[in-house]
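S.K.: Kindly generate the corresponding structure for this input.
(2 chains)
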Amino acid sequence: MIREQLKKAIKEAVSALSLETSEIHLEHPVDLTHGDYSTNVAMTLAKEVNKNPKELAQEIIDNLKEDKLIEKIEVAGNGFINFYLSKEFFAENLNEIIKTKDKWGSNNSLKDEKTIVEYTDPNPFKEFHIGHLMSNAIGESISRIVEFSGAEVMHANYQGDVGLHVAKAIFGKQKNPELQWGKAYAYGAQNYEDHEEEIKEINKKIYNKNDEEINNLYEDGRKSSLEHFEEIYGKLGTKFDEYFFESEASPIGKKLVEENVGKIFEESDGAVIFRGENFGLHTRVFLNSDKLPTYEAKDLALAKIKTERYGYDKSIVITANEQKEYYKVVLEAMKQIFPEFAKKTKHITHGLLRLPSGKMASRTGDVITAESLIDEVKERVLEKMKDSDITDMDKVAEKIAVGAIKYSILKQSAGKDIIFDMDKSLSFEGDSGPYLQYAHTRANAVLEKAKKENIKPSTKIPRSNLGSDLEKLLYRFPEIVERANKEFEPHYITTYLTELAGAFNSFYAKEKIVEENDTAPYKVVLTEAFTNTIKNGLWLLGIKAPERM
RNA sequence: GCCCCUGUAGUUCAACGGAUAGAACAGGAGUUUUCUAAUCUCCCGAUGCGGGUUCGAUUCCUGCCGGGGGCGCCA
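M.R.: Prediction:
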């Protein structure tokens, strides 16, 4: 990559002056008129050699070799060295983009690595709410970024098919057979305090499988919940390779904890706990006083199950922020039992999808389901499309709706709450998923027309005005992917694509691309490179790119 | 009380210790005989408060103020 070449060249130029520097810091100036790359080495080294940073910068430049990929190098500001890439570089890059197609932007940094990504994690018997949408959007995107970086990825989903919530749902269903399972759960949760004994009794019966009516309800609820979830995954464009359930983790977790009582865990008030205070954390219960495994113990078992079934090099787990401190304790306990698992595990958290009214909670039954949100957004999309002549209108509207929602989740750094303002997220103007999708369809229309008029893409004759903003952004894509992968942050890709789409839209507004002159092939190659880049970028975000909209 | 996260235009978000703190929405002014106006162009507008480290701080350290999460038998 050009970035590495530049770093190497600078390093050599610096050594030629008998100076030492550990890492060359290269960045893209925010302002495109400041060049394509910029380094601050002169400023960081100036003090120790007691020189003026600007003079030192010039000396470093004098020691740099000529390169046909670099058009000019200059000193700017207080001692920045700015590099301007040449037309040859951009032309070469455009050719590479259209040649490598769906591989453009990918890298091999995680070659031969097996990664398991656990995300979404909805609970059967409960609603699939917009919180699960957060986990799904982030997890799906991270999975794809990791895959694009060369790793083999397993998409995993861990679901709570046992526990008190199931008893609450069954209680609700017994009292109100007509309710859907999600609503039945809400009823049970709302009435838990008044019927605590009864619901706990149901929970025991589920566990012991000794009541036929409850067994039947359980099987029915589990099956219909899971089927319903599959429909939603279809809409979201997620496909899981493996499903894990608490029911299988439960006995293994219990055993793991029992084997380590007195060593890692200790008994306290009838329960089995882990003293997190010894590690700067807090105490958590792993087996309750009925000696049943808690979520903590099950998570411990899950790591074991994942390893046995898959044998990963890295395990990424995506959950809500509220589990952050909890997971630190689990990881510490895991470190004691399975040091190698703990080392390979990375916990990523996301914030809440908040509405102006406050936190969503399925406890109160006051939830917005993922489906109702998608449907509502879709309604608005269809309203906007009503004059269109597109044939598969419904499918396209769904892609746009899901894209709008995913974008609003992925546009900011993970871990923060998202204020989901219906009107803004649905406006589709600027900074939004549909903005990206729209730029893609416009570019697509241009390419179709170019094909019809038989204009072949070529970089032979560039446009007369110097390198457009578009080509100055296009070549950066692989770097953006690399950074998103290193930091597990899809939002770098979102931000980049929006900037890129803006550059394309300006280009599109200023220039007629398909026309009878000799610069048309170059403009077509730019358009094709843009289409290819935004397509790959949208794929990384898990957002579908319709051909027309 | 202790631990973790967080505070940037009116609003929702960016900024890998660097140049004039970027966008979008909202507000104001324009933009369509052209490949899709869900576009484009221009204007208006912000780093919670006080110290410190640094050639340089939105970014690192520290104190205060505000918001969120967690802290033994839920998941």
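S.K.: can you list the domains in chain A?
M.R.: According to the domain assignment given by automatic domain parsing, chain A is divided into the following structural domains: A:2-85, A:119-354, A:378-541.
S.K.: Which stretches in chain A count as strands?
M.R.: Under the criterion DSSP state E, strands of chain A are mapped to A:26-27, A:37-39, A:70-76, A:80-85, A:114-118, A:152-159, A:242-245, A:266-268, A:271-274, A:284-287, A:314-320, A:345-350, A:353-354, A:418-419.
S.K.: Is it possible to get TSV of those that adds distance to RNA strand B, mean pLDDT and mean neighbour count?
M.R.: To be clear about C-beta, it is placed using only N, CA and C from the backbone, and glycine gets the same treatment. Formatted as TSV, the entries for these read as follows, by distance: least, CB to the nearest atom of the strand, whole Å; pLDDT from 0 to 100; neighbours: other CB atoms under 10 Å:
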stretch	distance to RNA strand B	mean pLDDT	mean neighbour count
strand A:26-27	3	94	14
strand A:37-39	3	96	21
strand A:70-76	4	94	17
strand A:80-85	4	95	22
strand A:114-118	13	98	23
strand A:152-159	9	98	22
strand A:242-245	10	97	17
strand A:266-268	3	96	13
strand A:271-274	3	97	22
strand A:284-287	4	97	22
strand A:314-320	8	96	21
strand A:345-350	9	96	19
strand A:353-354	8	80	20
strand A:418-419	4	84	16
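S.K.: which stretch among the ones you listed comes nearest A:Glu178?
M.R.: Comparing the strands of chain A against A:Glu178 with CB to CB, the closest turns out to be strand A:152-159 (25.2 Å).
S.K.: Okay, helices next: where are they in the stretch 301-450 of chain A?
M.R.: A:324-337, A:339-344, A:370-384, A:393-410, A:422-426, A:433-452 (DSSP state H, counting those that start in this stretch).
S.K.: and these as JSON lines, adding distance to RNA strand B, mean pLDDT and mean neighbour count?
M.R.: As requested, the helices of the stretch 301-450 of chain A are exported to JSON lines (distance: least, CB to the nearest atom of the strand, whole Å; pLDDT from 0 to 100; neighbours: other CB under 10 Å):
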{"stretch": "helix A:324-337", "distance to RNA strand B": "3", "mean pLDDT": "96", "mean neighbour count": "19"}
{"stretch": "helix A:339-344", "distance to RNA strand B": "18", "mean pLDDT": "94", "mean neighbour count": "14"}
{"stretch": "helix A:370-384", "distance to RNA strand B": "5", "mean pLDDT": "91", "mean neighbour count": "17"}
{"stretch": "helix A:393-410", "distance to RNA strand B": "5", "mean pLDDT": "95", "mean neighbour count": "23"}
{"stretch": "helix A:422-426", "distance to RNA strand B": "5", "mean pLDDT": "71", "mean neighbour count": "15"}
{"stretch": "helix A:433-452", "distance to RNA strand B": "3", "mean pLDDT": "96", "mean neighbour count": "20"}
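S.K.: Nearest approach to A:Ile142 belongs to which of these?
M.R.: Nearest to A:Ile142, of all the helices of the stretch 301-450 of chain A, is helix A:393-410, at 9.9 Å by CB to CB.
S.K.: Pull the closest one out as PDB, backbone CA atoms only.
M.R.: Included here for helix A:393-410 are C-alpha records, laid out as PDB according to Å, rounded to 0.1, in the frame of the first residue of the first chain:
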ATOM      1  CA  MET A 393     -41.300  -2.000  -4.900                       C
ATOM      2  CA  ASP A 394     -42.000  -3.900  -1.700                       C
ATOM      3  CA  LYS A 395     -38.600  -5.600  -1.600                       C
ATOM      4  CA  VAL A 396     -36.800  -2.400  -2.400                       C
ATOM      5  CA  ALA A 397     -38.700  -0.500   0.300                       C
ATOM      6  CA  GLU A 398     -37.700  -3.100   2.900                       C
ATOM      7  CA  LYS A 399     -34.000  -2.800   1.900                       C
ATOM      8  CA  ILE A 400     -34.200   1.000   2.300                       C
ATOM      9  CA  ALA A 401     -36.100   0.800   5.600                       C
ATOM     10  CA  VAL A 402     -33.600  -1.700   7.100                       C
ATOM     11  CA  GLY A 403     -30.700   0.400   5.600                       C
ATOM     12  CA  ALA A 404     -32.000   3.500   7.300                       C
ATOM     13  CA  ILE A 405     -32.200   1.900  10.600                       C
ATOM     14  CA  LYS A 406     -28.900   0.100  10.400                       C
ATOM     15  CA  TYR A 407     -27.200   3.300   9.300                       C
ATOM     16  CA  SER A 408     -28.500   5.300  12.300                       C
ATOM     17  CA  ILE A 409     -27.100   2.600  14.600                       C
ATOM     18  CA  LEU A 410     -23.700   2.300  12.800                       C
END
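S.K.: by contact count, what packs against it?
M.R.: On a contact count with 3 or more CB pairs under 8 Å, 6 or more residues apart in numbering; DSSP states H and E, helix A:393-410 meets helix A:130-148, helix A:212-236, helix A:370-384, helix A:422-426, helix A:433-452, helix A:491-510, helix A:520-541.
S.K.: per-residue confidence for A:Asp366?
M.R.: Here, the pLDDT recorded for A:Asp366 equals 58.
S.K.: One more: A:Gln180?
M.R.: We have a pLDDT of 89 for A:Gln180.
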